[in-house]
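J.: Provided below for reference: sequence and predicted model.
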Amino acid sequence: MARCEVCGNDYDKSFTIGSNGEQHVFDSFECAIQALAPQCAHCHCRIIGHGVEGGWRVYCCANCARQAGVPSVADRAA
């Protein structure tokens with residue numbers, strides 16, 4: 001068993017994720033997302049998918065990117 005680094009649960013089904021040369025132990029994908037997923041530069045929610053990049057920042061959606069001053073993004077292709 002290994003202890004989750006986010007919630008501290010000592011769980012027999014924990015798993016390890018390697019990221020940037022470091023190993024992280026979690027008991028759920030929820031904890032892994034909380035620890036490793038990037039945050040939107042505008043609303044600060046966790047970005048689970050690809051997100052939208054603009055000006056060297058990552059946003060959860062085109063709306064947040066536009067509100068942060070990135071004008072040329074869209075959620076859908078025309």
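T.: Done, it's in. For clarity, every value in this text was computed on a predicted model and none was experimentally measured.

J.: quickly note the distance from the residue most central in space within the chain to Pro71.
T.: Nearest to the mean C-alpha position of the chain, by Cα atoms, centre = their mean, lies Ala37 at 1.9 Å. Here the criterion is Cβ to Cβ, to the nearest Å. By it, Ala37 lies 26 Å from Pro71. For the C-beta atoms, the positions are set from N, CA and C on the backbone; glycine is no exception.

J.: now do the longest helix that the chain contains: which elements does it pack against?
T.: Looking across the chain with DSSP state H, the single longest helix is helix 29-36. Counting contacts by 3 or more Cβ pairs under 8 Å, 6 or more residues apart in numbering; DSSP states H and E, helix 29-36 packs against strand 15-19, strand 22-26.

J.: so which bits of the first one are buried?
T.: What it means is strand 15-19. Using 16 or more other Cβ atoms under 10 Å as the test for burial, strand 15-19 gives no buried residues.

J.: show me what that strand is packed up against.
T.: If contacts are counted by 3+ Cβ pairs under 8 Å, 6+ apart, strand 15-19 sits against strand 22-26, helix 29-36.

J.: again with the last one
T.: Based on contacts counted as 3+ Cβ pairs under 8 Å, 6+ apart, the elements that strand 22-26 packs against are strand 15-19, helix 29-36.
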